[in-house]
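> what's the 3D shape of this:
(chains A and B)
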Amino acid sequence: MKLSKEELKKAFQEEQYICGEEIIIPSYLALELEKPLLITGEPGVGKTEIAKVLSKVFDTELIRLQCYEGLDENKALYEWNYQKQLINIQINKDNKAQDNLEQDIFSEEYLLERPLLKAIKADKRPVLLIDEIDKTDEEFEAFLFEMLSDFQVSIPELGTVKAKQRPIVVLTSNANRELSDGLKRRCIFLYIDLPSIDKEVEIIRTKVPGIGKELSHQIAAAISYLRHNLDFKKKPSISETLDWAQALMSLDADRLSPELIRKTQSLIFKTKNDLDVFKELGAGQLSKEIKTKSS
Amino acid sequence: MKSSEKVANQVQKFTDKADENYIERNLIKFIQILRNLGIRISLAESIEALEALQLIEIVNKGEFKTTLRSMLVKNNYEKKIFDKAFDIFFVPQQEKEAQQNSMQQQAEQQQEAQAEAEKKISEELKFKRESVRDDLEDEEVELELTEEQKKVYTKLDPEIQQKIQDYIEQSFPGHLRHSPNTKSALENMIGGKLNYWQRQLEKENGVEQEEKSIDSQLTGDLEMDRVIEQVVSSLQQEKEELINKDLNTIPEEELPQVTMLVKELSHRLATKISRRFQRNKKTGQIDLRKTIRSNIKYGGTMFDLKYQEKKVQKPKFLLICDVSDSMARYATFVLQFVYGISSVIRDIESFIFSEDLERVTEHFTQTDSFGDTIVNIINSSQEWGQTTDLRTSLETFEEEYLDLLTPQTILIIMSDTKTIRLYDAADKLAEIKKQAKEVIWLNTLPKSEWKNLKSVETFKEVSRMVECYTIKHLQNFLNEDLF
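Numbers count the residues shown, from 1 in each chain, chains lettered A, B, ... in the order given. Now for the predicted structure:
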């Protein structure tokens, strides 16, 4: 299925992913040019969400490979089911007709497919999400970008497996380390910035149905003020905004008050240090700042 | 289509169009600008960017920009450079022409100013050779100086210029002026003076020069160079290029950015350590997977056992940082470094010293913010801003904390090497070194000053010395020097 740029934008909106051209165009180019989309940005801005939305838009499977330090081919590509192989060997221990044993235990039946192989063998073009690629080792990265260019793997015992169609690949990175030039060159780059107040209001209203206009505006203004004026270890991102909005909704709030901010502050700040930084400003002061901004 | 054919096609298209503003010509120029600004863009990427442009509405500037950005940029830093360069390069034709005209004017003005300066120099830097015969007129001899020296002269204050002129006037008494060597002797002397002033000027402008070290090159094309220069100066104005700055010049408001950079570097160090020290051949438990795989050839009988390989212990770090008076300028950086590293590497021991040594590990293991940590340390420390006595500090270390050193420990000392009892301190360090894997000295003095300092030479004999007064140095240290 091919979508035009406008159709893709509409589809993203239908899946409640509010974004502008700066996200739609790189996603569209990645789909059209069949290249991986490399997404970076602060945690919680919706990097992983793009892969989920794409899988919904194309009504296809989302195959996720969560990266971590020490991740290797065995865990990412395929592995032989050793336990099953061992049982087979033991069962056939006394069986004289063992000629085909080796062929048997290295057949697909004994193959454990990991996300990458699964994506290659999928019948319908899947979305392959390689999450937090910056957490892997350089060696694995090198292996990955080779695979991303050909979409085929060689399993010595079985032969080469080639993808029926190229999966839609989405890589995310928190930029903890610089990725290799080879990998970056193969990808379309997308940096997701924290949204403007208006965009955030739109996101809140889409993701938290039933929320009042005034409250959503106040939440967005408060979050924007906190991001730009205080020195937090972890700046509140969109996911924190939505959690906060939902919490305020469940408390039947229609506007922000110092009291409400104090009650719900733990949803915005995830470390004691950040909470202390906020306490120095105070819920009352934040409330005042929002009022000054809106007036 | 093969890539070579693609290239040929693109080049053909490009050369076919004589129009200066043809999109591909502009795009190629723009890519060249980005390259000269330090963004690596391959030929294949340029072609892909051109292909991508065919998929969008090229007349929509926003779309055009986003498309190029997605295709040519690889990280957030490059994105900033790209955005600036794009906004400066892709402007309406009229504006572009106006900018070009003003640049032309500036260049002309510069040339005029230079010619005037040359004229002034030739008038001022000369001496009078009196004629020995009454019937001949006195001769005015112009000094021949290098272009560099002339430039320095023009930059000097009028008072200093006057002093140099007086010096020429008074240097040689009348009769010596007839000597053929007078001219070259004067040139040497004035040259020496100007070289001295050049060094002084460089020192005064040191910070400014450091800032200019952004990774860019000019192309020789007036239009392209205009964009490159504007991007570079704009980046510098916004002080985004913190990395090359001497850390004592970084203002308070930019410290959070420095903290982030140092933290990122420290994180890189932490992951690097664990990646580097993978497995060795020391045996441990049986590795079932490998054993089965290897014994399949024996029909499944466990004949050849394979063992799991044990991980080698990660190296330990012990930091000793100088917070004495002479290092006060760098104290924030030193503590940023310790704070950053402590937040990602557990079990790191840290000490500060000036007259004596103090252990500060506990301050950094708490979850306080950097500001609070600094306040805690300053409040509780006796050592802040005192004179430096490394010998006493190391003695204290030996008496109380020597058991923290193991053969895996890398001892990192951060200091400008200025200490009292220099040789005693170096002897003590040599003794302590035997207990550790390695001693690395991060020196906050520029390398150019090292050769004049006895202390640097002395400590260099007992440690590996690394220049470290900017984040860039720290980055190099973590990337290359540490292992």
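
> Quick one: residues contacting residue A:144.
A:76, A:130, A:133, A:136, A:183 (C-beta atoms under 8 Å, 6 or more residues apart in numbering or on different chains). Every residue, glycine included, has its C-beta placed from N, CA and C.

> how near is the fourth one to chain B?
What it means is residue A:136. For residue A:136, the distance to chain B (C-beta to the nearest C-beta, to the nearest Å) stands at 10 Å.

> dump the residue contacts of that residue.
Residue A:136 touches A:67, A:68, A:69, A:71, A:144, counting by C-beta under 8 Å, 6+ apart.

> what about the second one, how many residues close to it?
Here the count is done by other C-beta atoms under 10 Å in any protein chain shown, and residue A:68 has 11 residues near it.

> after the strand or helix carrying residue A:27 comes which helix or strand?
Assigned by DSSP states H and E, residue A:27 belongs to helix A:21-33. Using DSSP H and E, the next helix or strand after helix A:21-33 towards the C-terminus is strand A:37-41.

> That following strand close to chain B?
Yes - using C-beta under 8 Å from any C-beta of the partner chain, we find that strand A:37-41 touches chain B at residue A:40.

> okay, the angle between that strand and helix A:21-33?
160 degrees (axes from the mean of the first three to the mean of the last three C-alpha atoms, to 10 degrees).

> list the helices and strands strand A:37-41 packs on?
The helices and strands touching strand A:37-41, judged by 3 or more C-beta pairs under 8 Å, 6 or more residues apart in numbering or on different chains; DSSP states H and E, are helix A:21-33, helix A:47-57, strand A:168-173, strand A:188-192.

> Pull stretch A:60-74 out as PDB, backbone CA atoms only.
Extracted C-alpha coordinates of stretch A:60-74, given in PDB (Å, rounded to 0.1, in the frame of the first residue of the first chain):
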ATOM      1  CA  THR A  60       0.700  -4.800   9.900                       C
ATOM      2  CA  GLU A  61       2.700  -6.400  12.600                       C
ATOM      3  CA  LEU A  62       5.000  -4.400  14.800                       C
ATOM      4  CA  ILE A  63       8.200  -6.300  15.500                       C
ATOM      5  CA  ARG A  64      10.200  -4.800  18.200                       C
ATOM      6  CA  LEU A  65      13.900  -5.300  19.000                       C
ATOM      7  CA  GLN A  66      14.700  -3.600  22.300                       C
ATOM      8  CA  CYS A  67      18.500  -2.900  22.300                       C
ATOM      9  CA  TYR A  68      20.700  -3.100  25.300                       C
ATOM     10  CA  GLU A  69      24.400  -3.400  26.000                       C
ATOM     11  CA  GLY A  70      25.600  -6.900  25.200                       C
ATOM     12  CA  LEU A  71      22.800  -7.600  22.700                       C
ATOM     13  CA  ASP A  72      24.200 -10.000  20.100                       C
ATOM     14  CA  GLU A  73      23.100 -11.800  16.900                       C
ATOM     15  CA  ASN A  74      21.800 -14.800  18.900                       C
END
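
> Averaged pLDDT, it. What do you get?
Throughout stretch A:60-74, pLDDT has a mean value of 89.

> for stretch A:123-141, same thing?
On average, the pLDDT along stretch A:123-141 is 89.

> Could you do stretch B:219-238 as well?
Here the average pLDDT along stretch B:219-238 is 75.

> circling back: in the helix holding residue A:27, which residues are buried?
Buried residues in helix A:21-33, counted by 16 or more other C-beta atoms under 10 Å in any protein chain shown: A:21, A:22, A:23, A:24, A:25, A:26, A:27, A:28, A:29, A:30, A:31, A:32.

> Contacts made by that helix with the rest, please.
A:2-3, A:5, A:8-9, A:12, A:35-37, A:50, A:54, A:168, A:170, A:188-190, A:192-193, B:48, B:51-52, B:55-56, B:62-63, B:66-67, B:70-71.

> Weed out the non-buried ones from those.
A:3, A:5, A:8-9, A:12, A:35-37, A:50, A:54, A:168, A:170, A:188-190, A:192, B:48, B:52, B:55-56, B:63, B:66-67, B:70-71.

> Residue A:171 is in contact with residue A:40, isn't it?
No - contact between residue A:171 and residue A:40 fails when scored by C-beta atoms under 8 Å: they sit 9.2 Å apart.

> higher neighbour count, these two?
residue A:171 (29 against 22).

> who does the more buried one bridge with?
residue A:38, residue A:130 (DSSP bridges).

> Could I get the contacting residues of it?
A:36, A:37, A:38, A:39, A:130, A:133, A:183, A:187.

> rewinding a little: I'd like to know which of the contacts of residue A:136 are part of helices.
Members of these lying in helices (criterion: DSSP state H): residue A:144.

> Inside strands: which ones of the contacts of residue A:144?
residue A:130 (DSSP state E).

> Reformat the contacts of residue A:144 as a markdown table; add distance to residue A:205.
Formatted as a markdown table, the contacts of residue A:144 follow (distance: C-beta to C-beta, whole Å):
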| residue | distance to residue A:205 |
| --- | --- |
| A:76 | 39 |
| A:130 | 32 |
| A:133 | 33 |
| A:136 | 37 |
| A:183 | 37 |
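
> Pick the one among the contacts of residue A:144 closest to residue A:158.
residue A:76 (17.2 Å; C-beta to C-beta).

> so the closest one touches residue A:113, yeah?
No - if you go by C-beta under 8 Å, residue A:76 and residue A:113 don't touch, sitting 10.8 Å apart.

> Could you look up the SS state of the residue nearest to residue A:20 when sequence neighbours are not counted?
In this structure, residue A:20 finds its nearest non-sequential neighbour in residue A:199, 7.2 Å apart by C-beta to C-beta, 6 or more residues apart in numbering or on different chains. Assigned by DSSP: H, G, I helix; E, B strand; the rest coil, the conformation of residue A:199 is helix.

> What residues sit buried inside stretch B:192-200?
Here stretch B:192-200 shows B:193, B:194, B:197, B:198 as buried, counting by 16+ other C-beta under 10 Å.

> Give me the residues contacting that stretch.
B:145, B:148, B:149, B:152, B:153, B:156, B:160, B:164, B:167.

> which one of those sits closest to residue B:38?
Of the contacts of stretch B:192-200, the one sitting nearest to residue B:38 (C-beta to C-beta) turns out to be residue B:148, at 27.4 Å.

> Helix or strand: which one has the closest one?
helix B:147-155.

> Kindly report the same for residue B:81.
Going by DSSP H and E, residue B:81 is in helix B:76-89.

> Show the average pLDDT along that helix.
Rounded mean pLDDT across helix B:76-89 is 87.

> And stretch B:326-339, by the same measure?
72.

> for stretch A:92-106, same thing?
Here the average pLDDT along stretch A:92-106 is 73.
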